[in-house]
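*Asks:* Give me a 3D structure for the following:
(chains A and B)
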There are 2 protein chains.
Amino acid sequence: MPEQLKNNRLIKALLREPVDMTPVWIMRQAGRYLPEYRETRKKAGDFVTLCQTPELACEVTMQPLHRYPLDAAIIFSDILTIPDAMGLGLKLVESVGPRFERSITNSNDIKNLPLPDPEQELKYVMDSIRLVRRELNGDVPLIGFSGSPWTLATYMIEGGSSREFSKVKGMLEAEPASLHLLLKHLSDSITLYLKAQINAGAQAIMIFDTWGGILKTPNYMNFSLYYMKIICEHLKNEHSEVKVPVILFTKGADKWIEKIVEADCDAISIDWNSNIGQVRERIGKRVAIQGNMEPRILKESEKKIVDEVESILRSYGSGSGHVFNLGHGITPDIEPDKVGILVDAVHNLSRQYHKTK
Amino acid sequence: MPEQLKNNRLIKALLREPVDMTPVWIMRQAGRYLPEYRETRKKAGDFVTLCQTPELACEVTMQPLHRYPLDAAIIFSDILTIPDAMGLGLKLVESVGPRFERSITNSNDIKNLPLPDPEQELKYVMDSIRLVRRELNGDVPLIGFSGSPWTLATYMIEGGSSREFSKVKGMLEAEPASLHLLLKHLSDSITLYLKAQINAGAQAIMIFDTWGGILKTPNYMNFSLYYMKIICEHLKNEHSEVKVPVILFTKGADKWIEKIVEADCDAISIDWNSNIGQVRERIGKRVAIQGNMEPRILKESEKKIVDEVESILRSYGSGSGHVFNLGHGITPDIEPDKVGILVDAVHNLSRQYHKTK
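*Replies:* Numbers count the residues shown, from 1 in each chain, chains lettered A, B, ... in the order given. Next up, the predicted model:
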């Protein structure tokens, strides 16, 4: 682990240490916008098989790295691996989204949920990480990740994607204690899972709270942020020799950012509804900031993309602590060349903000 | 692991397979009644250090094996290792019993409890098991163990030993959901812990529910047995090549025995308030039975001890499925010679009940 990374910009920026240029990676960079990804997915047959076959997961993880000078790899996986390993039976239904064969309806379902052993039921993720680390050969760091407890709970209770979140909101109102039982169990499981990812070779960790933003403020604090904080605390001491930074991302959380940075995280990821310069002012020097270009900008012309990159870099301003990214995952309808334009623009235009006086 | 045990009577009896004589071991067989134990404990300084130093824990585990032809070793440890690893700070106060520096008073305490990694915070137990397995060299099987979720919860909420259990009973009445949160978290932790013990070399597992008997029947079912069942289910698939039998022991549970055997356990341990022959009739052939001599009998004459052994063997009757033991731990006031008398009596007098026709 204490091997030297050839490109260590990401880790340095996450720890707010000086860098030569702003590092950049893209959420869902190994994804359907790449023809080679679609090829591998076809070979795998379905999405779940692609996730669960370490050789194929490694292959798609590496694909964007071969195309662009990205500053990080992120392990190709899904946020729903844990509920699947708890026996809910994950399926990705084309043009519907993820579905579980079984969902959680009451406290007995929750009490009976097993705690997956990351090196047994989730060994395929650890094997993928080990494989990618070997492939990367120290070029750039590898990011591991998990969904947040709240976000996983929403899928487990709704049985898949949802628009209304009526079931999970119903449980929150009618049986908050049962929901806490599930969230605590998920926190335990996610902590184990992320520790195992770190042991397998993940060099930074991101927690995706995709659905925290649907909650009212006090509920967000109690049912989502609370458990992410606990996970951060438990991860803090996991890495002995090399620090493994933790990035928290709640989509739609602009109004809660001051609260989020109070968790023991090293960075927050923000969506495009925040102004990154203002966020930087609001939170001071406590954590690094990742983000925050609107994914739709990648549909625009080269000039518009470069302008937007410049605007975000300028808004953040001088000094380290910024990791460039989109405010959410890249969509399948983006031309791959646009990503190259973005990555180059970040690197070239950011040098001026990292000059030592 | 698939190494041949020189004396495999215990495992066979737990699985109700034929044996030549009834196997026998004694709860707390590595304990204060042995002068060599008191010597090692003095060397260690205090009880917690003795538990947490694998060389010393191994030494005392082996001591009774050197004296008596016992059919099993049980790892020397404490049922409170898990709460200690969760940060509660275990101390054994002379003539008072175990005390925690911190206790659990509300649901926030519970939500913040970490999930100990058995190979980190509890590595000393695993190291002790590995050391003992090496020392035993296949002579007899090694039993691993844990307290039950309910029993650990009582200590964590009371802050140590208790006579009245007023705090834990108060939480059960006023905040049952918080108690379930703790019990689920403990079930997760115990499952991990026991799986790790099996991986480290434990060849049978016993779960001690010392305080289940203080509950009313419906509360015993919901707050104690329910979680032991879940642990048994999750352990069932842990052993691939060699079956690792699981023994459940709730003290004072005579009236619930039919319910206990419905858990996925291989054996139940019973105290001296049950009649072993009647228990055998009540439960049929579902599980093996361990027990059930009253520890106080070891204060009596050699003849009384032998008579009692004979009476219990006769009560159980012919055929396998009986593991001789006391109904609770041996007390410090017993003369070591009496244990030798007991062990020999079990072996000699039981042969007639295992003759093949």
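
*Asks:* What's the local residue count around the residue in the stretch 201-350 of chain A that chain B sits nearest to?
*Replies:* Per C-beta to the nearest C-beta, the residue of the stretch 201-350 of chain A with the smallest distance to chain B is A:H234, at 5.4 Å. Bear in mind the C-beta positions are built from the backbone N, C-alpha and C, glycine included. Around A:H234 there are 21 other residues, counting by other C-beta atoms under 10 Å in any protein chain shown.

*Asks:* same check, this time on A:S95
*Replies:* A:S95 has 4 nearby residues by other C-beta under 10 Å.

*Asks:* Flag every residue of the stretch 101-250 of chain A that's near chain B.
*Replies:* A:107, A:110-112, A:114-115, A:117, A:177-178, A:180-181, A:184-185, A:187-188, A:191-192, A:195, A:226-227, A:230, A:234 (C-beta under 8 Å from any C-beta of the partner chain).

*Asks:* which helices and strands does whichever strand or helix holds A:V48 pack with?
*Replies:* Using DSSP states H and E, A:V48 sits in helix A:47-52. Applying 3 or more C-beta pairs under 8 Å, 6 or more residues apart in numbering or on different chains; DSSP states H and E, we find helix A:47-52 packed against helix A:35-44, helix A:54-67, strand A:90-93.

*Asks:* at 10 Å instead, please
*Replies:* If you count contacts as 3 or more C-beta pairs under 10 Å, 6 or more residues apart in numbering or on different chains; DSSP states H and E, helix A:47-52 packs onto helix A:35-44, helix A:54-67, helix A:81-83, strand A:90-93, helix A:123-136.

*Asks:* which stretch in these is the model least sure about?
*Replies:* When the helices and strands packed on helix A:47-52 are compared on mean pLDDT, strand A:90-93 scores lowest, with a mean of 89.

*Asks:* Give me the contacts around it.
*Replies:* Applying C-beta atoms under 10 Å, 6 or more residues apart in numbering or on different chains, the set of residues contacting strand A:90-93 from outside is A:46-52, A:78, A:80-84, A:97-101, A:155, A:160-161.

*Asks:* in the stretch 201-350 of chain A, which ranges drop under the pLDDT threshold?
*Replies:* A:239-240 (pLDDT under 70).

*Asks:* And the helices in it, which stretches?
*Replies:* A:217-219, A:226-236, A:257-260, A:276-283, A:302-316, A:336-350 (DSSP state H, counting those that start in this stretch).

*Asks:* Dump the C-alpha coordinates for the third one into CSV.
*Replies:* Taking Å, rounded to 0.1, in the frame of the first residue of the first chain, the C-alpha atoms of helix A:257-260 are listed here in CSV:
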residue,chain,number,x,y,z
ILE,A,257,-23.5,21.6,3.5
GLU,A,258,-22.4,23.2,6.8
LYS,A,259,-23.8,20.2,8.6
ILE,A,260,-22.3,17.6,6.3
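
*Asks:* give me phi/psi at whichever residue of chain A sits closest to chain B?
*Replies:* Closest contact between chain A and chain B, by C-beta to the nearest C-beta, is at A:A177 (3.0 Å). The phi/psi pair for A:A177 (degrees, to the nearest 10) reads phi -70, psi -40.

*Asks:* Can you get me a residue count around it?
*Replies:* 15.

*Asks:* which ones are touching the residue nearest to it when sequence neighbours are not counted?
*Replies:* Excluding the flanking residues, the one nearest A:A177 by C-beta to C-beta, 6 or more residues apart in numbering or on different chains is B:A177, at 3.0 Å. Contacts for B:A177 were tallied using C-beta under 10 Å, 6+ apart; they are A:107, A:175-178, A:180-181, B:107, B:171.

*Asks:* which residues sit against the helix holding A:V48?
*Replies:* Contacts for helix A:47-52 (C-beta under 10 Å, 6+ apart): A:32, A:37, A:40-44, A:46, A:56-57, A:59-60, A:75-78, A:80-81, A:84, A:89-94, A:98, A:122-125, A:127-128.

*Asks:* again, only using 6 Å
*Replies:* A:41, A:44, A:56, A:77-78, A:90, A:92, A:124 (C-beta atoms under 6 Å, 6 or more residues apart in numbering or on different chains).

*Asks:* pretty sure A:F76 contacts A:T61?
*Replies:* Yes - with contacts counted by C-beta atoms under 6 Å, A:F76 reaches A:T61, the gap being 4.4 Å.

*Asks:* Next, show the common contact partners of these two.
*Replies:* Joint contacts of A:F76 and A:T61 (C-beta under 6 Å, 6+ apart) are A:A30.

*Asks:* who's more crowded, those two?
*Replies:* Shown here are A:F76 and A:T61; by other C-beta under 10 Å, A:F76 has more neighbours (26 against 23).

*Asks:* Could I get the phi/psi values of that one?
*Replies:* According to degrees, to the nearest 10, A:F76 has phi -80, psi 120.
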